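**Q** Got a sequence here, can you model it:
(one chain, ligands or ions: 2)
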Amino acid sequence: AREKADAARAEEKRRATAAAGGWLPSGAAQAVEGVPAAPGLAIGRIVRMQPEGMEIPDEPIELGRAADLLHVALAQTAEQLHALADDTARRLGESDAAIFRAQAGLLADPDLITLASQWLVEGHGLAWAWHRAYEDMAARLSALRNPVLAARAADLRDVGRRVLAHIDARFARSSLSDLPEGTILVADDISPSDAAGLDADRVAGLVTALGGPTSHTAILARTLGLPAVVGAGAGVEGLQSGTRAIIDGHGGRLWLDPAEEDLASARDWIAAEEARRARAAEARALPATTRDGHRIDIGANINLAEQAAFALDQGAEGVGLMRTEFLFLERSDSPTEDEQMEAYSAMARALEGRPLVIRALDIGGDKQVAHLDLPREENPFLGVRGARLLLRRRDLLLPQLRAIYRAAASGSQISVMFPMVTSRGELLELRETCERIRQELAAPVVPLGIMVEVPSAALLAAELAAHADFFSIGTNDLTQYALAIDRQNPQLAAEADSLHPAVLRLIDLTVKGAEVHGRWVGVCGGIAGDPFGAALLAGLGVQELSMTPRDIPAVKERLRQSDRPALQALARRALACPDAEAVRALAAEAP
Ligand code: PEP
Ligand code: MG
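**A** Ligands and ions are numbered 1, 2, ... in the order given. Predicted coordinates for the structure are as follows:
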């Protein structure tokens, strides 16, 4: 029965791909199905990365010498990670580099060192003791079944293996730097180290058995512009190196042994896509104005000032979402008010007067900050998260607001936005706090908006709009709360579709509620960066779309080719659809 259901789901997915203008083979062809993680179509040959399964011999040495060698290996690894972080920052940006800065932090964990020392004291060899220590600790983290801790376990194994290679070069991993051109890399999982070391000129795509669409693999693949499919499960098991394949990062499939005619049609599709990208790139500096003159504002979702130049180059007209929790996530203490003010001012300066929406801390849920020592919750997504945490932790809220108002005092176009607001009471309390701080600092008035990302806020949009200057809809969370699907669950990723009509109806209610008080509405969730999604949102009356910079050119192009009445008609039809597949099918005939 399960197999049948899987087959039916695969068939449904294929229909959706066809409807969205994606590539499909002409006849019956064999495919491994996974979760789309980074878009693009590429032809190549499979290279199967073997799982580690390393045997570490236990070769006892004298304790003092072991301690010295471990000390040296740890120092060498730390140095290597800092170099790797600097290199990654230059090539990919500071947010990808942060992965390695965090890994360097793991090396200093006293529990890990104590564990290794205990095995050494018992008379075991250095490589053996170190391997055992990090594997035990990683296994303990994985067993907690928390996705954030599971990711930390993967980082710990990654960094643990680096140290191992410094202890004894026999345990160095085979390098991924000499892959043949056109490699489709297939692995159980790809560690951040492996992903950052990939040569994007030789690798055509990535397929992993594990991982979800928000894993490190997915993020790095998107940054590198490589198609990626994750969570393909047992499907990757029998795959042989050398097999020719077509990877479809948008549909989430790896097509095996394609026929000549399918290879030819895939090549045509890739060429057409490249031409479309080139056209979009030329027009990306132009505004997203429909043919009949209706303009949609386009923002970027970026967190650091150094990403602003790239975002503006892609055609961003400002920043619609600066996620400030990232200032807290990769370090072992909280940034001070002055440090925060510097981060916000730097972003405002980099935008040269363009609008900047700073989102107050959204901690909790999937964004856990270890050094805050927050109580463990059974269901963190339903717990003290976002605005709920800010209202309970003045020590976090007040310095952040002071920093924002101080940054706003220098004449920039800053707005503040609060995450996870579920009630009018929360909004009023946050507003009062803002006003008190503003007066204390004699700072200018800044627009105060909220994220609409829980169904209660969408349903009571008109009541909230009375007290909020603008709304930005967080479709990532709105989808998970409307459909009761954990946004990090890879098994349900395909069903967590933000174009589900239930989500669209909540967006429709939000826009109508905002209209009652003349407030503007934006969308900063992932669907804003999907050209069809963007068209639908514009049709629903959304005035601003904010997205990953790389998505901007295609979205602008899509909107520039549309007419507003046609988009509105599309939105009306989508609202009446019975399910997400029916909405996606509208893409085939959409204006
Ligand atoms: C969202 O929920 O859609 C959103 C933009 O916020 P985040 O992904 O940071 O939760
Ligand atoms: Mg959110």
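**Q** and the gap between A264 and H517?
**A** 56 Å (C-beta to C-beta, to the nearest Å). For the C-beta atoms, the positions are set from N, CA and C on the backbone; glycine is no exception.
**Q** Compare these two (neighbour count), which wins?
**A** A direct count of neighbours by other C-beta atoms under 10 Å for A264 and H517 places H517 higher, at 15 against 12.
**Q** Surely the more buried one and A466 touch.
**A** Yes: counting by C-beta atoms under 8 Å, H517 does reach A466; the two are 5.6 Å apart.
**Q** same for the lengthiest helix in the chain, what does it pack against?
**A** Ranked by residue count, the top helix of the chain under DSSP state H comes out as helix 63-91. Helices and strands touching helix 63-91, by 3 or more C-beta pairs under 8 Å, 6 or more residues apart in numbering; DSSP states H and E, are helix 94-106, helix 110-121, helix 126-143, helix 147-167, helix 192-197.
**Q** Same list, the ones you listed, but as TSV with mean pLDDT please.
**A** As requested, the helices and strands packed on helix 63-91 are exported to TSV (pLDDT from 0 to 100):
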stretch	mean pLDDT
helix 94-106	80
helix 110-121	91
helix 126-143	90
helix 147-167	83
helix 192-197	72
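**Q** Now render the ones you listed as JSON lines, adding distance to ligand 1 and mean neighbour count.
**A** Compiled in JSON lines, the helices and strands packed on helix 63-91 are given as follows (distance: least, C-beta to the nearest ligand atom, whole Å; neighbours: other C-beta atoms under 10 Å):
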{"stretch": "helix 94-106", "distance to ligand 1": "13", "mean neighbour count": "20"}
{"stretch": "helix 110-121", "distance to ligand 1": "30", "mean neighbour count": "16"}
{"stretch": "helix 126-143", "distance to ligand 1": "23", "mean neighbour count": "20"}
{"stretch": "helix 147-167", "distance to ligand 1": "14", "mean neighbour count": "21"}
{"stretch": "helix 192-197", "distance to ligand 1": "20", "mean neighbour count": "22"}
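**Q** and ligand 2, which of these is closest to it?
**A** When the helices and strands packed on helix 63-91 are compared by C-beta to the ion, helix 147-167 sits nearest ligand 2, at 15.2 Å.
**Q** Pull the residues that contact whichever helix or strand comes after that closest one.
**A** Following helix 147-167 in sequence order, the next helix or strand is strand 183-187 (DSSP states H and E). The contact list for strand 183-187 (C-beta atoms under 8 Å, 6 or more residues apart in numbering) reads 42, 44-49, 51, 176, 179, 194, 198, 202-209, 236, 239, 245, 247, 254.
**Q** Report how many residues lie close to the nearest residue to W269 once chain neighbours are set aside.
**A** The spatial neighbour of W269 that comes closest, neighbours along the chain excluded (C-beta to C-beta, 6 or more residues apart in numbering), is W23 at 4.4 Å. Neighbour count of W23, defined by other C-beta under 10 Å: 21.
**Q** what separates the residue lying farthest from the centre of the chain from A133, distance-wise?
**A** Distance from the C-alpha centroid of the chain peaks at E62, with 46.6 Å (C-alpha atoms, centre = their mean). In this view, E62 and A133 are 19 Å apart by C-beta to C-beta.
**Q** domain ranges for the protein?
**A** 29-46+181-277, 63-171, 286-589 (automatic domain parsing).
**Q** How about the longest one and ligand 2, any contact?
**A** Yes: in this structure, domain 286-589 sits against ligand 2 according to C-beta under 5 Å from the ion; the contacting residues are 453, 474, 477.
**Q** Those also near ligand 1: which ones?
**A** Of the residues in the residues of domain 286-589 next to ligand 2, proximity to ligand 1 by C-beta under 6 Å from any ligand atom holds for 453, 474, 477.
**Q** Show only the entries of those residues found in helices.
**A** Taking DSSP H as the definition of helices, these contribute D477.
**Q** Neighbour count, pLDDT and distance to A387 added to the ones next to ligand 1 among the residues of domain 286-589 next to ligand 2, as TSV?
**A** Shown next, in TSV, are those (neighbours: other C-beta atoms under 10 Å; pLDDT from 0 to 100; distance: C-beta to C-beta, whole Å):
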residue	neighbour count	pLDDT	distance to A387
E453	28	97	10
G474	27	97	12
D477	23	95	12
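**Q** which one among the ones next to ligand 1 among the residues of domain 286-589 next to ligand 2 gets closest to A309?
**A** Distance to A309, by C-beta to C-beta, is smallest for G474 among these, at 25.9 Å.
**Q** so that closest one touches G525, yeah?
**A** Yes: G474 is in contact with G525 according to C-beta under 8 Å; the separation is 5.1 Å.
**Q** Overlap in contacts, the two.
**A** Joint contacts of G474 and G525 (C-beta under 8 Å, 6+ apart) are E453.
**Q** What separates the first and last residues of stretch 279-287, distance-wise?
**A** 15 Å (C-alpha to C-alpha, to the nearest Å).
**Q** Off-centre distance for it?
**A** Centre-to-centre, stretch 279-287 and its host chain are 24 Å apart (C-alpha atoms, centre = their mean, to the nearest Å).
**Q** buried sites along that stretch?
**A** Residues of stretch 279-287 classed as buried by neighbour count (16 or more other C-beta atoms under 10 Å): 280, 284.
**Q** what pLDDT, on average, does it get?
**A** The average pLDDT within stretch 279-287 is 88.
**Q** where in the stretch 451-591 of the chain is pLDDT low?
**A** 590-591 (pLDDT under 70).
**Q** what does the stretch 251-400 of the chain put close to ligand 1?
**A** Going by C-beta under 6 Å from any ligand atom, the residues of the stretch 251-400 of the chain near ligand 1 are 321, 323, 362.
**Q** And E342, how far from ligand 1?
**A** Counting by C-beta to the nearest ligand atom, to the nearest Å, the separation of E342 from ligand 1 is 22 Å.
**Q** okay, now that residue: neighbour count?
**A** Using other C-beta under 10 Å, E342 is surrounded by 16 other residues.
**Q** So what does it look like in phi/psi?
**A** phi -60, psi -40 (degrees, to the nearest 10).
**Q** For it, list the residues it contacts.
**A** Counting by C-beta under 8 Å, 6+ apart, E342 has no contacts.
**Q** If you count contacts, what does the one helix or strand R436 maps to end up packed against?
**A** If you go by DSSP H and E, R436 is part of helix 424-441. Judged by 3+ C-beta pairs under 8 Å, 6+ apart, helix 424-441 is in contact with helix 387-392, helix 394-408, strand 414-418, strand 448-452, helix 461-465.
**Q** chain center to that helix: distance?
**A** Distance, stretch centre to chain centre, for helix 424-441: 31 Å (C-alpha atoms, centre = their mean).
**Q** how deep is the nearest residue to Y481 once chain neighbours are set aside tucked in, by neighbour count?
**A** Among residues not flanking Y481 along the chain, V454 sits closest, at 5.2 Å (C-beta to C-beta, 6+ apart). Per other C-beta under 10 Å, the neighbour tally for V454 reads 21.
**Q** likewise A588?
**A** 13.
**Q** Same question for N379.
**A** Residues near N379, counting by other C-beta under 10 Å: 8.
**Q** Which residues are in contact with it?
**A** Per C-beta under 8 Å, 6+ apart, neighbours of N379: none.
**Q** Might you report the residue contacts of the closest residue to P355 other than its chain neighbours?
**A** Spatial nearest neighbour of P355, chain neighbours left out: G318 (3.7 Å); criterion: C-beta to C-beta, 6+ apart. Residues near G318 by C-beta under 8 Å, 6+ apart: 297, 299-300, 351, 354-357, 413.
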